[in-house]
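Asker: coordinates only, no sequence provided:
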């Protein structure tokens with residue numbers, strides 16, 4: 001998300017809350033974008049929960065919708081901010097999937113209604129200079145993941161159904177797939 005005229009939807013303390021049931025809760029709408037290069041690789045960021053040492057996972061680019069913004073506008077903005085890549089709106093496919101997800105972190109719980117879009121792009125080097133202060137703290141790296149890497153990895157990759165979503169590229173008659181309610185947490189939601 002950008003520093004804009006709109007106040008940030010979430011600000012994190014990164015200090016673990018001793019009683020997880022007392023963590024502040026935030027709700028928002030988000031858009032995630034699966035960027036696919038010509039080799040079939042998918043761009044993912046390594047994310048973390050600074051309140052828990054060595055807690056890391058991989059996520060697709062994307063983030064919260066600004067007031068008055070459409071899903072596709074959010075997708076293009078978030079890709080530009082998080083990767084430095086100017087995504088052509090005509091390359092954006094979807095939404096291919098939707099879900100409601102709960103992210104319980106050490107300092108807060110974020111509930112998100114997420115829409116997933118796909119875009120086939122040329123391989124590019126990521127520019128993280130527009131990352132928000134929060135992303136500068138939590139994002140630890142990025143890489144293009146091959147399908148084989150995704151299948152062989154024992155690392156946390158969110159969304160868990162990433163491989164299944166990628167298979168939807170050639171099945172637009174199935175869009176959007178409803179993935180239901182899910183939890184992807186470093187500290188499970190206890191509410």
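Answerer: Right, received. Where do you want to start? Quick caveat: nothing in here was measured; it's all calculated off a predicted structure. Residues are numbered from 1 along each chain as shown.
Asker: which stretches of the protein aren't confidently modelled?
Answerer: 1-11, 191 (pLDDT under 70).
Asker: scan it for its longest helix.
Answerer: Secondary structure of the chain per DSSP state H: the longest helix is helix 71-83.
Asker: for that one, buried residues please.
Answerer: 71, 72, 74, 75, 76, 77, 78, 79, 80, 81, 82, 83 (16 or more other CB atoms under 10 Å). For every residue, glycine as well, the C-beta is placed using N, CA and C.
Asker: point out the other helices and strands that that helix packs with.
Answerer: Using 3 or more CB pairs under 8 Å, 6 or more residues apart in numbering; DSSP states H and E as the contact test, the elements touching helix 71-83 are strand 25-36, strand 62-64, strand 92-104, strand 109-120.
Asker: residue 176: which of the buried residues of helix 71-83 is nearest?
Answerer: Using CB to CB, residue 71 is the member of those that lies nearest residue 176, at 10.6 Å.
Asker: residue 103: what's it in contact with?
Answerer: 109, 110, 111, 112, 183, 184, 185 (CB atoms under 8 Å, 6 or more residues apart in numbering).
Asker: residues contacting residue 44?
Answerer: 58, 59, 60, 142, 143, 145, 157.
Asker: got the angle for whichever helix or strand it is part of vs helix 71-83?
Answerer: Assigned by DSSP states H and E, residue 44 belongs to strand 42-48. Using axes from the mean of the first three to the mean of the last three CA atoms, to 10 degrees, the inter-axis angle of strand 42-48 relative to helix 71-83 is 70 degrees.
Asker: re earlier: closest to residue 161 out of the helices and strands packed on helix 71-83?
Answerer: strand 92-104 (7.4 Å).
Asker: between that closest one and helix 71-83, how big is the angle?
Answerer: Using the same axes, to 10 degrees: strand 92-104 against helix 71-83 is 70 degrees.
Asker: what's the neighbour count on residue 43?
Answerer: By other CB atoms under 10 Å, 25 other residues sit near residue 43.
Asker: in space, what's closest to it - neighbours in sequence excluded?
Answerer: Distance criterion CB to CB, 6 or more residues apart in numbering; nearest residue to residue 43, sequence neighbours excluded, is residue 35 at 4.3 Å.
Asker: residue 158 now?
Answerer: Residue 158 sits nearest to residue 184 (CB to CB, 6+ apart), 4.7 Å away.
Asker: dump the contacts of residue 44 to a markdown table, plus neighbour count, secondary structure and distance to residue 93.
Answerer: Formatted as a markdown table, these follow (neighbours: other CB atoms under 10 Å; DSSP: H, G, I helix; E, B strand; the rest coil; distance: CB to CB, whole Å):
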| residue | neighbour count | secondary structure | distance to residue 93 |
| --- | --- | --- | --- |
| 58 | 22 | strand | 21 |
| 59 | 21 | strand | 19 |
| 60 | 24 | coil | 14 |
| 142 | 17 | strand | 22 |
| 143 | 14 | strand | 22 |
| 145 | 19 | strand | 19 |
| 157 | 20 | strand | 21 |
